[in-house]
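**Q** what follows is a predicted structure for the sequence shown.
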Amino acid sequence: MIENTEDETQYPIVLGFGSHRTIAGVADDEERITAMETVIGKPKRAGCMVGLGSRDRYIGDEALSKRGNVNLTYPFTSGKLTELDEAESLLHHLFYNELRIAPEEHYILVAESPLSNDETREKLTQLLFETFAVPGVYFESEAALSVISGGKLDGVVLNSGHWGSYAVQVRDGKVVPNSLKTTDFAGYELTTQLMQTCTNNGWWNFMSEAGRYVINNIKEKNCFVQVNNEEHAPIEYELPNGKKIMLGNERYSTPEALFNPSLIGNSSLGLHDLVLASVGDHVELLQNIVPCGGNTMFPNLMQRLASEITSKTNATVNVAIPQDLGRAKYYSYVGGCIFANQSGFAELCYNKHEYDENGPSGSFAKCPRTYQ
């Protein structure tokens with residue numbers, strides 16, 4: 001809890017921006033959280049939204065619900081801010097509609113992706129101070145926060161999301177420089193492959209934006225990772241048009257590419273090899289492998305990850321497997337709540353006075369980026 005100059009108490013806000021999912025909340029309670037799609041929808045043409053609550057833009061899940069009538073824009077791609085105006089709309093919606101707070105009364109902790117860049121940091125800093133008048137902001141690696149969420153300070157984080165995957169070492173609660181290993185192979189490629197497979201099966205033409213949405217839903221709700229090459233009976237799935245299809249080996253052949261990308265013609269490292277490349281000789285970190293991101297929530301993926309890594313090293317291997325797989329999406333947020341609630345968090349922050357003196361780039365002195 002932070003006391004401001006008027007003797008009011010306000011908890012910090014924790015923000016994390018993913019390519020497809022944004023997570024935010026008030027740091028006094030890790031369960032007090034909002035998660036929404038990182039997407040903005042603008043009407044395709046004037047008048048096309050008549051009778052649908054016409055506005056100039058729709059945000060998050062509402063934008064996706066109107067995807068036939070709007071053009072979708074994703075403000076963040078692979079950790080980088082690419083659409084500044086849309087990011088402003090997203091933050092405005094988060095602060096005033098989702099969290100229902102006055103941003104000028106709260107310090108902000110941003111869980112920063114290792115795939116981000118200096119320009120993104122500066123744009124966010126400027127936006128938070130100049131548009132939303134926050135009193136201060138701190139940037140911390142989402143990887144470090146993910147390790148902290150488990151009550152530890154050392155480990156290796158594996159994050160696999162929509163546009164990319166990475167592994168990075170964390171020691172003493174901080175990312176280890178030059179340990180970051182990345183690949184562009186991630187959820188987008190899996191969805192594209194499943195779109196092609198299902199189209200080739202003659203079920204429907206899924207090679208469109210609407211088709212991608214359907215296939216992504218199939219992937220997230222029905223796919224899983226094989227552990228022992230066991231047989232699995234097909235299951236029935238009903239498409240939005242009412243047609244029923246039988247999902248067979250597509251359910252496990254799709255995520256199998258996470259461990260063997262060559263199956264779909266990609267030369268990237270598999271997730272297990274990405275972890276080993278990041279760790280190098282520091283195999284003791286394999287005792288705390290923290291998997292994060294949407295792709296790590298496939299059933300059996302964490303067990304398979306441990307098995308693949310164990311087969312390539314004599315070291316002790318332990319993957320932090322949550323009882324609720326969905327919690328893997330929120331590791332950095334939970335760690336952010338722990339970090340922002342520490343005594344003296346306000347003093348750590350890059351504050352308004354410092355911003356006025358040093359501008360958007362001044363945050364690097366207080367919150368260094370140490371990935372490479």
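**A** Nice, I can see it.
**Q** so Ser267: helix, strand or coil?
**A** coil (DSSP: H, G, I helix; E, B strand; the rest coil).
**Q** gap between the closest residue in space to Leu127 that isn't next to it in sequence and Pro103?
**A** Once flanking residues are discounted, Leu127 sits nearest to Glu88: 6.0 Å by CB to CB, 6 or more residues apart in numbering. Using the backbone N, CA and C atoms, a C-beta is placed for each residue, glycine as well. Separation of Glu88 from Pro103 (CB to CB, to the nearest Å): 12 Å.
**Q** so these two - more neighbours on which side?
**A** Pro103 (20 against 15; other CB atoms under 10 Å).
**Q** let me know the pLDDT of the spatially closest residue to the more buried one that is not a sequence neighbour.
**A** With CB to CB, 6+ apart as the criterion, Pro103 has its nearest non-adjacent residue at 4.1 Å, and that residue is Phe132. In this prediction, Phe132 carries a pLDDT score of 98.
**Q** report how many residues lie close to Phe132.
**A** Neighbours around Phe132, by other CB under 10 Å: 18.
**Q** and this structure, what are its domains?
**A** 2-38+74-143+332-366, 148-185+263-329, 187-256 (automatic domain parsing).
**Q** centre of the chain to the last one, how far?
**A** The offset between the C-alpha centroid of domain 187-256 and the centroid of the whole chain comes to 22 Å, using CA atoms, centre = their mean, to the nearest Å.
**Q** now do stretch 186-193
**A** 15 Å.
**Q** before we move on, what about stretch 256-275?
**A** So, by CA atoms, centre = their mean, the centroid of stretch 256-275 is 20 Å from its chain's centroid.
**Q** what segments of the stretch 251-372 of the chain are strands?
**A** With strands called from DSSP state E, counting those that start in this stretch, the stretch 251-372 of the chain shows them at 289-292, 350-351.
**Q** try the stretch 51-200 of the chain
**A** 58-59, 70-73, 76-77, 80-81, 108-112, 136-141, 155-160, 165-171, 174-175, 181-183.
**Q** ok, which of those comes nearest Tyr11?
**A** strand 108-112 (10.6 Å; CB to CB).
**Q** listing partners with orientation, what would you give for the closest one?
**A** Applying DSSP bridges to the sheet, strand 108-112 is found paired with strand 13-17 (parallel), strand 136-141 (parallel).
**Q** which residues does Trp204 contact?
**A** By CB atoms under 8 Å, 6 or more residues apart in numbering, the residues touching Trp204 are Cys198, Gly211, Val214, Leu239, Asn241, Lys243.
**Q** how about low-confidence regions in the stretch 51-200 of the chain?
**A** 51-54 (pLDDT under 70).
**Q** repeat the analysis, applying 90 as the threshold.
**A** For the stretch 51-200 of the chain, residues meeting the criterion pLDDT under 90 lie at 51-56, 64-69, 78-79, 162-163.
**Q** residue ranges for the helices of it, please.
**A** Along the stretch 51-200 of the chain, counting by DSSP state H, counting those that start in this stretch, helices occupy 61-65, 84-93, 118-126, 142-148, 187-200.
**Q** using TSV, lay out the ones you listed together with distance to Val283.
**A** Listed next are the helices of the stretch 51-200 of the chain as TSV, based on distance: least, CB to CB, whole Å:
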stretch	distance to Val283
helix 61-65	42
helix 84-93	40
helix 118-126	32
helix 142-148	17
helix 187-200	28
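**Q** of those helices, which is nearest Thr316?
**A** Nearest of the helices of the stretch 51-200 of the chain to Thr316, taken as CB to CB: helix 142-148 at 17.1 Å.
**Q** what is the end-to-end distance of stretch 110-119?
**A** End-to-end distance for stretch 110-119, by CA to CA, to the nearest Å: 15 Å.
**Q** if anything else comes up later, I'll come back, but that's it for now.
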